[in-house]
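In: kindly generate the corresponding structure for this input.
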Amino acid sequence: MSYEIIEKLKKEIEGFKDDPKWEEFGRVIEVGDGIVKIVGLRNAVSQEILKIQTPRGERTALALNLEEESIGALVLDDFLAVEVGNEVKRTGDVLSIPVGEELIGRVVDPLGNPLDGKGPIFTKTKPQFNPLEARAPSVLERESVTTPLHTGLKAIDAIIPIGRGQRELIIGDRQVGKTAIAIDAIINQAQETGKKKPVCIYVAIGQKESKVVKTAETLKKFGAFEYSIIVSAPASSPAAMWYLAPYAGCAIGEYFRDKGQDALIVYDDLSKHAWAYRQISLLLRRPPGREAYPGDIFYLHSRLLERAARLSKEKGGGSLTALPIVETQLGDVTAYVPTNIISITDGQIYLESDLFNQGLRPALNVGISVSRVGSAAQTKAMKKVAGKLRLSLAQFRELQAFVQFATDVDDATKKKILQGQKINEILKQEDLAPLPFEKQVCVFYAVLNGYFEHIAVENIKETENRLLEYLGEFHEADVLKPIRETGEFTEQVETKLKEVIGKFLGK
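Out: The predicted model follows:
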């Protein structure tokens with residue numbers, strides 16, 4: 001009997017292979033507001049995922065502060081369960097998010113978990129994991145921005161054009177239509193076809209859940225959700241989620257950019273992102289600087305926005321266009337976070353409360369707004385037709401301010417003011433009504449070349465709508481289609497358009 005047992009043991013020992021594994025453990029020595037201090041994990045790296053063993057189950061934390069004797073970490077889920085003395089284990093993994101085609105049409109949180117109640121996301125394919133923090137493409141990996149990204153808003157496409165791979169800041173006070181511009185830009189992409197259509201990612205930071213649902217419904221209504229993804233860190237979620245949301249959206253955008261596709265990402269908004277980071281930094285005992293923000297607040301946004309780029313042909317030629325949104329207090333663009341982001345981006349769309357209250361929508365301040373890519377990212381047709389628009393508008397605004405104090409005005413000035421008022425009317429646009437660029441070209445051609453000279457200012461909008469209806473119904477093939485397909489405004493098309501406008505106005 002003992003012989004059999006010995007033989008059995010011999011057989012078991014023969015097949016035994018020793019596979020020793022080192023596991024590092026630490027413990028929590030301090031807890032407070034989602035931040036934990038850990039000792040014992042000397043080899044942990046920045047942005048590493050740590051697992052905290054609590055009586056209520058495992059909790060995930062992110063290593064942020066690497067100090068000589070301890071680690072400051074950010075708890076990514078329910079931090080109320082974490083207590084002093086809990087054991088902490090290293091995972092060796094850096095914070096990543098699952099990315100892939102199946103994300104399109106879904107609402108996710110900054111860790112890639114579904115929030116829309118439609119069940120698991122990756123059921124057909126295995127996801128790729130992209131790190132939330134990644135190196136921005138180098139100068140040699142980039143190409144200059146030359147392809148337009150049409151927003152469907154006349155004031156923007158004509159005066160401050162946005163190109164694919166650009167970073168254009170949308171800035172202004174509360175309730176002046178910042179989000180509306182971004183949503184219109186996403187909806188307008190439905191007019192692009194095939195490979196040209198960018199995947200749109202909307203990152204909602206610290207918004208009410210009802211607003212996120214409303215945004216999703218709006219995108220569904222206009223058929224834009226079939227190429228869109230929403231990353232949501234709602235107002236009820238902890239500061240950790242607010243902080244991670246833009247990086248998660250960017251990691252998703254990079255997946256499509258690196259595949260050679262175009263992607264558009266909206267960060268709504270980076271003011272709340274900066275507030276969340278300030279809260280985390282102060283809890284981590286990092287020294288406060290100007291406006292109590294930590295010293296690396298500039299780096300927080302620059303490392304995010306630098307990842308937007310148009311890649312070179314060798315790298316696949318994909319692009320990631322960023323539209324960050326920043327909220328100002330009483331129009332103060334000189335505050336700390338707005339000036340930081342202005343200096344990182346390639347231009348800004350500045351929306352002004354006064355113009356908004358006067359009924360100008362979008363409430364664009366032409367003087368402060370600028371696109372540093374400019375006409376390089378504009379179609380030849382738009383460049384040719386609307387080239388003098390900014391100058392006409394700027395002259396009109398100056399004259400309007402000056403004439404308020406003058407009693408006697410000569411005819412030439414009156415004419416310029418009248419023309420300016422008509423251009424202003426043309427630039428007014430309702431929410432959720434983006435206009436294809438070929439129709440914009442036709443309208444600008446008519447107003448800037450004096451065809452609306454004898455039409456009263458109050459009738460301009462109605463005349464514009466009727467003209468667009470007329471063009472769409474009778475001249476799709478010979479006027480609109482050539483502009484849309486070639487992006488050029490040829491003499492042949494110009495001659496035909498003159499004839500069409502003349503006929504329409506009964507001249």
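
In: how about the residue lying closest to G165 once chain neighbours are set aside, what does it touch?
Out: Once flanking residues are discounted, G165 sits nearest to R310: 2.8 Å by CB to CB, 6 or more residues apart in numbering. Every residue, glycine included, has its C-beta placed from N, CA and C. R310 makes contact with 142-145, 147, 163-165, 317-319 under the criterion CB atoms under 8 Å, 6 or more residues apart in numbering.

In: quick check: phi and psi on R310?
Out: Recorded main-chain torsions at R310 are phi -100, psi 120, according to degrees, to the nearest 10.

In: go on, P436?
Out: Here P436 shows phi and psi, under degrees, to the nearest 10, equal to phi -60, psi 150.

In: so what's it closest to, chain neighbours aside?
Out: Q191 (5.5 Å).

In: list the contacts for that neighbour?
Out: Taking CB under 8 Å, 6+ apart as the test, what Q191 contacts is 150, 152, 434, 436.

In: roughly how far apart are the residue nearest to the first one when sequence neighbours are not counted and L283?
Out: Read that as H150. Leaving aside its sequence neighbours, H150 sits nearest to F437 (CB to CB, 6+ apart; 4.9 Å). Counting by CB to CB, to the nearest Å, the gap from F437 to L283 is 48 Å.

In: next one: I417
Out: Distance from I417 to L283, by CB to CB: 56 Å.

In: go on, P161?
Out: Distance from P161 to L283, by CB to CB: 42 Å.

In: what's the average pLDDT for the top helix by length along the chain?
Out: Secondary structure assigned by DSSP state H gives helix 239-258 as the longest helix of the chain. For helix 239-258, mean pLDDT is 97.

In: over to stretch 364-373?
Out: 90.

In: run through who's touching that stretch.
Out: Contacts of stretch 364-373 (CB under 8 Å, 6+ apart): 145, 155-156, 159-163, 166, 168, 333, 346-352, 355, 377, 390, 393-394, 397, 427.

In: please repeat the previous calculation with a cut-off of 6 Å.
Out: 145, 155, 160-161, 163, 166, 346-347, 349-350, 352, 393-394 (CB atoms under 6 Å, 6 or more residues apart in numbering).

In: in which helix or strand does A73 reside?
Out: Using DSSP states H and E, A73 maps to strand 70-75.

In: pull up the pairing partners for that strand, direction included.
Out: strand 35-39 (antiparallel), strand 57-66 (antiparallel) (DSSP bridges).

In: tell me which other helices or strands the next helix or strand after it touches.
Out: Per DSSP H and E, strand 70-75 leads on to strand 87-94 as the next helix or strand towards the C-terminus. Applying 3 or more CB pairs under 6 Å, 6 or more residues apart in numbering; DSSP states H and E, one finds that strand 87-94 makes contact with strand 25-32, strand 48-54.

In: including distance to S70, mean neighbour count and mean pLDDT, could those go into JSON lines?
Out: Shown next, in JSON lines, are these (distance: least, CB to CB, whole Å; neighbours: other CB atoms under 10 Å; pLDDT from 0 to 100):
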{"stretch": "strand 25-32", "distance to S70": "7", "mean neighbour count": "16", "mean pLDDT": "94"}
{"stretch": "strand 48-54", "distance to S70": "13", "mean neighbour count": "19", "mean pLDDT": "96"}
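
In: would you reformat those as TSV and include distance to Y243?
Out: Formatted as TSV, the helices and strands packed on strand 87-94 follow (distance: least, CB to CB, whole Å):
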stretch	distance to Y243
strand 25-32	17
strand 48-54	15
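
In: now for the ones you listed, which one comes closest to S271?
Out: strand 25-32 (24.8 Å; CB to CB).

In: just how off-centre is the closest one within its chain?
Out: Put simply, strand 25-32 sits 37 Å off its chain's centre (CA atoms, centre = their mean, to the nearest Å).

In: could you tell me the average pLDDT over the strand or helix carrying I181, please?
Out: Secondary-structure assignment from DSSP H and E places I181 in helix 178-188. For helix 178-188, the mean per-residue pLDDT is 97.

In: what about E133, which SS state?
Out: Classification of E133 by DSSP: H, G, I helix; E, B strand; the rest coil places it in coil.

In: give me the neighbour count for it.
Out: 16 (other CB atoms under 10 Å).

In: show the pLDDT at it.
Out: 95.

In: now it, nearest residue through space, not along the chain?
Out: Q47 (5.7 Å).

In: give me the neighbour count for that neighbour.
Out: 16.

In: how far away is it from L64?
Out: In terms of CB to CB, Q47 sits 8 Å off from L64.

In: same thing with T495?
Out: From T495 to L64 the distance is 64 Å (CB to CB).

In: for A394, same thing?
Out: 47 Å.

In: which one of these two is surrounded by more residues?
Out: It is L64, of A394 and L64, that has more neighbours when counted by other CB under 10 Å, with 19 against 14.

In: quick one, what contacts that one?
Out: 72, 74.

In: now with 8 Å, please.
Out: For L64, counting by CB under 8 Å, 6+ apart, the contacting residues are 46-47, 72-74, 280, 284.

In: show me which of those residues are buried.
Out: 47, 72-74, 280, 284 (16 or more other CB atoms under 10 Å).

In: now, among those, which is nearest to G112?
Out: Of these, the one sitting nearest to G112 (CB to CB) turns out to be Q47, at 15.7 Å.

In: my read: the closest one touches A63, true?
Out: Yes. The criterion here is CB atoms under 8 Å, and Q47 meets it with A63 at 6.7 Å.

In: burial count for R257?
Out: In terms of burial, R257 registers 29 neighbours under the definition other CB under 10 Å.

In: no, scratch that, I was asking about G367
Out: Quick note: G367 (other CB under 10 Å) scores 13 neighbours.
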